[in-house]
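Chemist: Sequence first, predicted model second:
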Amino acid sequence: MTSMPTPSTTRLNAVVPEGRPPRAQRLSGRFSWRFIRTQLIGTAASLVFLLVVNFFLFRVINPHPERTLGRGKAKTLEQLEAIRHRLGLDEPLPVQFLTYLKQVFTGDLGTSFQYSKPVTELILERLGPTLLLVGTATILAVVIGLWLGARQAWRHGGQFDRSTSILTTIVYSMPEWWLGLLLFMVFAAGIGPITGIFPIGGLTSQGVNPWSLDGVADTIWHLVLPVTTLTLAYIAEYSIIMRSSMLDVMGQDYLLTARAKGLTDEQVRRRHARPNAMLPVTTLIALDLAFAVGGAITVETVFSIPGLGLLTTEALRIPDLPLLQGTFLVFSTAVVLANLVANFLHALQDPRVKS
């Protein structure tokens, strides 16, 4: 007589696939080879397109940078031609493009026209202040903005929702440089009876060792206004997106089911509503981390923060083609890679993304 399977055996066979743990099966389903291949091919195609645009864009903007570099120095055509030859601008465009591709793939982004230093070295020197500024502002904006947006939606139509929605909309409509100028005039330069209490620019005070305890405190004091500027700008964005996403989720049937099971409002919001509302916000966070590096150009210029943003502004004055190409490549590559990471994170959260 054949023995009948017990209920526990039936449940085990139904839940656990033979020879494979459930978690591995879920990850495999969300990250199929087709999904990974599609994402990587799209990213590679975007990077190739960026290389082509990066090379030709700045040559269209100013096809004769030697005239700006030779202003006050080169007075004859021969002297201008000597500058062109030294910079490699007398070569045909296809030759210049091949040289540029070779430099990029070997990690050599050329030599800056105005600084006479390798572009890679300049970018690495200025990368730290930008990451410090953007990273700090983004973390603060994400934490405060998501909490604010979730609370606005959960108390939809209340006094808190109406007042904070008006404030976030006003802040969101302000350009970052304009908001930064307002904070600079009031709290750094001083206006009327208000005296400036924060530094007027830079990252550290002159003569202070940035790696000492006093230097760290001095750096934090210098970053208060620029970090506040970026944080206020991105808090509004995160709160608006989170509020809208939460309102969409709150109308779903599974929240009614969760309440019917006896869960409190706080448990329903934390366990069910907020995780599902985070789906569009995750993509926004990943992309904003990359876009904020470029968006910090205006803030770094207003507050004289020696980062990639200020370096880009300085390179635009000539324009310094190798330096502009290098900074533009860093900004655009960061956006493309952040989009790739966002797609994978989104697939982890929502298996429907793979289709």
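Modeler: That came in fine, so what should we check first? Numbers count the residues shown, from 1 in each chain.

Chemist: and residue 125, how many neighbours?
Modeler: Neighbour count of residue 125, defined by other C-beta atoms under 10 Å: 14. Heads up, the C-betas are built off the backbone N, CA and C, glycines and all.

Chemist: For it, give its distance to residue 108.
Modeler: 16 Å (C-beta to C-beta, to the nearest Å).

Chemist: Can you give me the neighbour number for residue 301?
Modeler: 17.

Chemist: can you check residue 60 too?
Modeler: 7.

Chemist: Where does it fall, secondary structure wise?
Modeler: Taking DSSP states H and E as the definition, residue 60 sits inside helix 33-61.

Chemist: Around residue 53, count how many other residues there are.
Modeler: Count around residue 53 with other C-beta under 10 Å applied: 12.

Chemist: Quick check, pLDDT for it.
Modeler: Residue 53 is assigned a predicted lDDT (pLDDT) of 87.

Chemist: still on that earlier bit, packing partners for the helix holding residue 60?
Modeler: Here helix 33-61 touches helix 93-105, helix 321-349, going by 3 or more C-beta pairs under 8 Å, 6 or more residues apart in numbering; DSSP states H and E.

Chemist: For residue 197, grab phi and psi.
Modeler: phi -110, psi -10 (degrees, to the nearest 10).

Chemist: was I right about residue 50 contacting residue 333?
Modeler: Yes: Residue 50 is within contact range of residue 333, at 6.9 Å (criterion: C-beta atoms under 8 Å).

Chemist: Now do the shared contacts for those two.
Modeler: Common contacts of residue 50 and residue 333 (C-beta atoms under 8 Å, 6 or more residues apart in numbering): none found.

Chemist: The helix holding residue 60: how far from the chain's middle?
Modeler: Averaging C-alpha positions (C-alpha atoms, centre = their mean, to the nearest Å) puts helix 33-61 18 Å from its chain's average.

Chemist: what's the angle from it to helix 93-105?
Modeler: Using axes from the mean of the first three to the mean of the last three C-alpha atoms, to 10 degrees, the inter-axis angle of helix 33-61 relative to helix 93-105 is 130 degrees.

Chemist: which residues touch residue 314?
Modeler: By C-beta under 8 Å, 6+ apart, the neighbours of residue 314 are 114, 320.

Chemist: State the pLDDT value of it.
Modeler: 85.

Chemist: The one 5 residues further on now?
Modeler: Note on residue 319: pLDDT of 77.

Chemist: do the same with the one 5 residues further on
Modeler: Residue 324 is assigned a predicted lDDT (pLDDT) of 86.

Chemist: Distance check, it against residue 281.
Modeler: From residue 324 to residue 281 the distance is 33 Å (C-beta to C-beta).

Chemist: again with residue 302
Modeler: For residue 302 relative to residue 281 (C-beta to C-beta), the value is 28 Å.

Chemist: likewise residue 338?
Modeler: From residue 338 to residue 281 the distance is 14 Å (C-beta to C-beta).

Chemist: Which of the two has more residues huddled nearby?
Modeler: residue 281 (23 against 19).

Chemist: list the buried ones in the lengthiest helix in the chain?
Modeler: When the chain is parsed with DSSP state H, its longest helix is helix 213-250. Going by neighbour count (16 or more other C-beta atoms under 10 Å), the buried part of helix 213-250 is 218-219, 222-223, 225-246, 249-250.

Chemist: Whichever helix or strand comes after that helix: how far from the chain's middle?
Modeler: Proceeding C-terminally, helix 213-250 gives way to helix 253-260 as the next helix or strand, assigned by DSSP H and E. On the basis of C-alpha atoms, centre = their mean, helix 253-260 sits 36 Å off its chain's mean C-alpha point.
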